[in-house]
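coords please:
(2 chains)
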Amino acid sequence: MIRLYNTMTREKEEFIPVEPNKVKMYVCGLTVQNYSHVGHIRSAVNYDVIRKYLEYKGYQVEYISNFTDINEKIVARAEEENMTPTELAQKYEAAFLDDIAAMNIRPADQYLRVSENIEDIIEMVKVLIDKEYAYVAEGNVYFSVESFADYGKLSGRNIEDMQAGARVDILEDKKHPMDFALWKKVNNEEFSWDSPWGKGWPGWHIECSAMAMKRLGTTFDIHGGGTDLIFPHHENEIAQSEAYSGEVFAKYWLHNGTVNLSGEKMSKSQGNFFTTREVLKKFPAEVIRFFLLTRHYRSPIDFSIPQLKEATVSLERLIKTADQMESLLADNPEDKQNNLATTDVFIAMLKEKRKSFEEAMDDDFNTAKAIGILHELAGEINKFINQQSFKLNENKYFLLTEANKLYRKLANVLGLKLELKDGTKNYSSVFADLMELVLELRQEAREEKEWEKADLIRDRLDEVGIEVKDTPRGTEWNLKKRDE
RNA sequence: GGCGGCAUAGCCAAGUGGUAAGGCAGAGGACUGCAAAUCCUUUAUUCGACGGUUCAAAUCCGUCUGCCGCCUCCA
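Next up is the predicted model:
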């Protein structure tokens, strides 16, 4: 049973989808006005894992997201970059898709663009006007918050308290200061759309409502986004969607915490952010992904270079275990003698770890705990492989195969491939042959007990960035990462 | 001012009533010619402070302190 924290009720609830075995989820995407930053990527990684875990549990998941490609910012940025708003949006949409591909995030089943759904949005606004939830004022259409009794139910606010904040724009044509635009009048001949109320474009929130309902129905299972979208964005989505359909919009509201820099929220308007591509130049995608998943998704994460370095070391431990298993499994067992006594214990351990992992993920997608269990599993496997008496026989080969399958499967749910791109296998066969020769010469020196010579070779190789290790299984080497 | 969240070892971080996961760093040991890796052992009688409820609280309630988010565009 999966339990998830629903922002609407402020508690963990049992997850029961509208249709058995199917999950329909909508995750707010981004305004394609610039390169994505780590905050966007955290959100994308988070919902990617949620989707993958739901699939692991046997659900058929339909995952929809959006690109906001029409608004004031797009127009302003397009002027800065000297291109049309459409070109700008396409440029950054493509960049985002590159970013998520680099991060091993599976794209949504469909990305909906505002520019391709204007007709549906206009239809929805018309209905809201007919139902008297919205009104027209000088070419703008506003949603009347006072007309919707449940307004504020997601964010736990009421209209009176918010007015006290006095940070809302008082626009003369609004009936109430909290009313928000469904359609905005725009004076831009090239970049605007015809509507019954004149030229303009949709307000910020209506796009998600119209597109989500169009694709997923008036009630769907999961709606996700960052905590910073709870108000006003998601509150307004609920108001206009439920006013329109008379039905519950989304059953479960999930919100991921923000990514902070030195304790402050990373955000474009503050200027304190790292773009995804910047960070990808400094750290492998796998490390960034791992780092983001070591905290529970609802907590804020403080993003820092030292912590990414720590995450690198921690992840490398998991990778070493995977590599060791792979190299052992590449050999054929020489010893045919089996010792079945160890089998039961080991298989029981694997089952127990799998169960713990699932329990962690069932409990509101606790990836931090799940990673802890992956570490425990790695420890058990290491212990097994590194026994003094370890000899690969058919029995152990079987156990390692099982361990490897489980290890990969669980890592896969988290989207971890357990490999670090830069380095190890990125060299030519000539180079590999050369290394073989060098290590052969060093081995000869070792056999002659010429330790100084052997150590000199190792030290000099280390200086050029090649790490040499004498393991019980022979001498191994790998290219060291050159991070700075 | 309103609403919400957080505070757990040197650092990061799980844990929402039953006696503190995991990682990083540190210490000791095994293995090794040495080194690395790996393994074993070890590192919070205690969970921001003070009260309360309970047989039992990091976990529930109250007060206080500190930090953060939202109320304006934001994943």
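
Going by C-alpha atoms from here, please, whenever you check contacts or count neighbours.
Noted.

Quick one: list the elements packing against the helix or strand harbouring A:N404.
Assigned by DSSP states H and E, A:N404 falls within helix A:394-413. If you count contacts as 3 or more Cα pairs under 8 Å, 6 or more residues apart in numbering; DSSP states H and E, helix A:394-413 packs onto helix A:38-56, helix A:305-330, helix A:341-362, helix A:367-385.

Determine the three-state secondary structure at the residue nearest to A:L392 when sequence neighbours are not counted.
Of all residues not flanking A:L392 in the chain, A:P333 sits nearest, at 5.2 Å (Cα to Cα, 6 or more residues apart in numbering). Of the three states, A:P333 takes coil according to DSSP: H, G, I helix; E, B strand; the rest coil.

What is the burial count for A:P333?
For A:P333, the neighbour count with other Cα atoms under 10 Å is 17.

One more: A:V248?
Using other Cα under 10 Å, A:V248 has 13 neighbouring residues.

A:G224 now?
A:G224 has 23 neighbours, counted by other Cα under 10 Å.

Could you pull up the residues touching it?
Going by Cα atoms under 8 Å, 6 or more residues apart in numbering, A:G224 touches A:25-28, A:47, A:253-256.

Which single residue in the stretch 101-250 of chain A comes nearest to RNA strand B?
A:G226 (3.1 Å; Cα to the nearest atom of the strand).

Check which element follows the lowest-mean-pLDDT helix or strand in chain A along the chain.
Every helix and strand of chain A was ranked by mean pLDDT, DSSP states H and E. The lowest is helix A:159-165, at a mean of 67. Elements were assigned by DSSP H and E; along the chain past helix A:159-165, the next helix or strand is strand A:180-185.

Against which helices or strands is that following strand packed?
Secondary-structure packing of strand A:180-185 (3+ Cα pairs under 8 Å, 6+ apart): strand A:140-143, strand A:200-202.

of these, which approaches A:M435 most closely?
Across the helices and strands packed on strand A:180-185, A:M435 has its closest neighbour in strand A:200-202 (62.5 Å, Cα to Cα).

quick one: average pLDDT of that closest one?
pLDDT averaged over strand A:200-202 equals 97, rounded to a whole number.

about what we covered before: dump the helices and strands packed on helix A:394-413 into TSV; add distance to A:K91 as well.
Below are the helices and strands packed on helix A:394-413 laid out as TSV (distance: least, Cα to Cα, whole Å):
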stretch	distance to A:K91
helix A:38-56	17
helix A:305-330	29
helix A:341-362	36
helix A:367-385	33
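
Please work out which of those is packed deepest.
Mean neighbour count (mean count of other Cα atoms under 10 Å) peaks for helix A:38-56 among the helices and strands packed on helix A:394-413, with a mean of 22.

Please name every helix or strand in contact with that helix.
If you count contacts as 3+ Cα pairs under 8 Å, 6+ apart, helix A:38-56 packs onto strand A:60-68, strand A:220-226, strand A:259-261, helix A:285-293, helix A:394-413.

Return the backbone torsion pair for A:D364.
Main-chain dihedrals, A:D364, degrees, to the nearest 10: phi 60, psi 40.

The nearest residue to A:I301 once chain neighbours are set aside and RNA strand B, how far apart?
The spatial neighbour of A:I301 that comes closest, neighbours along the chain excluded (Cα to Cα, 6+ apart), is A:V259 at 4.9 Å. Look at A:V259 and RNA strand B: by Cα to the nearest atom of the strand, to the nearest Å, they are 4 Å apart.

isn't A:V259 right next to A:Y297, touching?
No: the criterion here is Cα atoms under 8 Å, and A:V259 misses it with A:Y297 at 10.3 Å.

What is the burial count for A:P20?
Using other Cα under 10 Å, A:P20 has 9 neighbouring residues.

tell me which element it falls in.
A:P20 belongs to no helix or strand when elements are defined using DSSP H and E.

who touches A:W451 in this structure?
Shown in contact with A:W451 (Cα under 8 Å, 6+ apart): A:A445.

Just the local confidence number for it, please.
Among the per-residue scores, A:W451 shows a pLDDT of 91.

ok, which stretches of the stretch 1-150 of chain A are helices?
For the stretch 1-150 of chain A, the helices defined by DSSP state H, counting those that start in this stretch cover A:38-56, A:72-80, A:85-102, A:118-130.

how about the third one: buried residues?
Read that as helix A:85-102. Burial within helix A:85-102, assessed by neighbour count using 16 or more other Cα atoms under 10 Å, is assigned to A:85, A:88-90, A:92-93, A:95-96, A:99-100, A:102.

could you redo the helices and strands packed on strand A:180-185 as TSV and give each row mean neighbour count and distance to RNA strand B?
Shown next, in TSV, are those (neighbours: other Cα atoms under 10 Å; distance: least, Cα to the nearest atom of the strand, whole Å):
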stretch	mean neighbour count	distance to RNA strand B
strand A:140-143	26	13
strand A:200-202	24	12
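
any chance of these in CSV, with distance to A:F431 too?
Shown next, in CSV, are the helices and strands packed on strand A:180-185 (distance: least, Cα to Cα, whole Å):
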stretch, distance to A:F431
strand A:140-143, 67
strand A:200-202, 59
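
I'd like to know which of these lies nearest to A:E72.
Short answer: strand A:200-202, nearest of the helices and strands packed on strand A:180-185 by Cα to Cα, at 9.8 Å.

Number of residues surrounding the closest residue to A:F148 other than its chain neighbours?
Distance criterion Cα to Cα, 6+ apart; nearest residue to A:F148, sequence neighbours excluded, is A:A239 at 6.5 Å. Counted by other Cα under 10 Å, the residues lying close to A:A239 total 24.

give me phi/psi at A:F15?
Here A:F15 shows phi and psi, under degrees, to the nearest 10, equal to phi -90, psi 120.
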